[in-house]
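Novice: Provided below are the primary sequence and the corresponding predicted coordinates.
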Amino acid sequence: MITCEGLVKIYKTDEIEVVALQGLNIQIDAGELMAIIGNSGSGKSTLLNILGGLDRPSAGQVKVGDWDLLKITDKQLVDYKRHTVGFIWQNNARNLVSYLTALENVEMPMMLSGNYDPVYAKQLLEWVGLSHRMNNKLQELSGGEQQRVAIAISLANRPRLLLADEPTGSVDTKTADMILSIFERLNKELGVTIVIVTHDMSMAGKVGRVVAIRDGMTSSEFIARNPSISALDGTSAGLTGDDHEEYVVLDRAGRLQVPKAYLNALQIDGKATMEFDGEKIMIKAPKDLSTSEGIERMEANSQTVGGKSK
Ligand SMILES: Nc1ncnc2c1ncn2[C@@H]1O[C@H](COP(=O)(O)OP(=O)(O)OP(=O)(O)O)[C@@H](O)[C@H]1O
């Protein structure tokens with residue numbers, strides 16, 4: 001469903017250029033429910049905004065279904081945003097109208113796109129557990145209920161892809177769990193592909209695949225050992241422990257990101273040695289040239305160089 005290869009996004013502000021994505025690779029299958037994690041500023045929202053058609057990529061490849069988001073025209077982008085993709089933000093006020101009822105809020109985007117379907121609007125509110133509140137005005141609903149209305153709205157035009165940026169950022173743990181189980185249900189019932197950006201490690205720990213982004217690149221991936229159990233039992237405290245296996249991500253050219261903590265621990269800066277023993281690849285700090293072994297090597301090298309130059 002989604003393929004990003006060498007995706008680059010550069011923000012230009014006055015004289016400053018910020019490289020938010022620097023050659024990011026990611027593959028997301030149709031019908032997947034997955035999460036993206038990463039530190040603040042790592043490029044998560046930038047990726048989501050590009051996939052949602054809210055921002056334009058600078059270079060690389062980004063395809064969603066049949067759409068090529070690097071080549072898409074402005075006119076096609078309107079169609080893409082209306083029919084292919086749905087968006088949920090942490091702050092749901094962005095796509096809700098407070099003086100309309102929950103049902104009217106869901107019906108509105110259907111009317112705007114000419115696909116009015118009141119039966120489906122009610123069905124969506126039932127799926128998010130709000131059938132008893134559908135005739136209440138938005139301002140009469142709690143923050144968690146409003147977030148669930150936002151989920152129903154995002155699906156009003158039957159998108160194939162749902163993008164959620166910190167969907168549980170402003171709700172309590174119980175509501176966060178409820179929102180995740182709604183995503184699981186919608187993913188199963190509608191087959192909609194769901195990508196969640198989150199800081200919430202306990203939420204990330206409950207989905208089958210989690211991709212970590214560091215410095216605008218995909219760094220590692222966590223795959224649930226038993227997706228059906230980890231998604232349903234809800235007991236996973238995060239991504240550590242026995243629930244997920246961690247993999248380092250390599251791009252087509254074989255490049256990978258070594259975690260900064262590992263590099264710092266070995267005081268590797270700029271250069272390293274790499275050895276392959278037939279089974280394992282080992283990355284080590286280069287031998288310190290101030291040690292006796294290093295000095296011997298330097299002397300041997302200078303003799304060779306000196307010998308040649310004479
Ligand atoms: N419109 C913009 N103009 C200039 N720089 C931007 C813009 N949007 C994002 N950036 C920069 O791009 C980088 C990535 O930002 P992004 O918002 O994608 O990170 P993030 O991982 O979503 O962070 P957070 O978790 O804090 O939301 C940051 O250095 C940020 O300052």
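Specialist: Ah, there it is.
Novice: low-scoring pLDDT stretches of the chain, where are they?
Specialist: 92-94, 226-242, 288-310 (pLDDT under 70).
Novice: Could you show which parts of it are in contact with the ligand?
Specialist: Residues of the chain lying close to the ligand (Cβ under 6 Å from any ligand atom) are 11, 13, 18, 20, 38, 40-46. Backbone N, C-alpha and C define where each C-beta goes, glycine included.
Novice: of those residues, buried ones?
Specialist: Buried members of these, scored by 16 or more other Cβ atoms under 10 Å, are 20, 38, 42-46.
Novice: Determine which two of those residues are furthest apart.
Specialist: 20 and 38 (11.6 Å; Cβ to Cβ).
Novice: Touching both of these two, which residues are there?
Specialist: Residues touching both residue 20 and residue 38 by Cβ atoms under 8 Å, 6 or more residues apart in numbering: none at all.
Novice: Show me the residues of the chain next to the ligand that map onto strands.
Specialist: 11, 13, 18, 20 (DSSP state E).
Novice: So of these, which two are at opposite extremes in space?
Specialist: Largest separation among those by Cβ to Cβ: 13 and 20, giving 11.6 Å.
Novice: quick one: residue 203 and residue 36 touch, right?
Specialist: No. Residue 203 is beyond contact range of residue 36, at 11.5 Å (criterion: Cβ atoms under 8 Å).
Novice: Which neighbours do the two have in common?
Specialist: Common neighbours of residue 203 and residue 36 (Cβ under 8 Å, 6+ apart) are residue 196.
Novice: Can you give me the distance of residue 97 to residue 154?
Specialist: Shown here: residue 97 relative to residue 154, a distance of 15 Å by Cβ to Cβ, to the nearest Å.
Novice: quick one: which of those two has more around it?
Specialist: Comparing residue 97 with residue 154 by other Cβ atoms under 10 Å, the one with more neighbours is residue 154, at 25 against 14.
Novice: residues contacting the more buried one?
Specialist: 86-88, 95, 162.
Novice: mind listing the helices for this protein?
Specialist: 44-51, 74-83, 102-112, 118-127, 143-154, 173-190, 201-204, 227-233, 260-265, 292-309 (DSSP state H).
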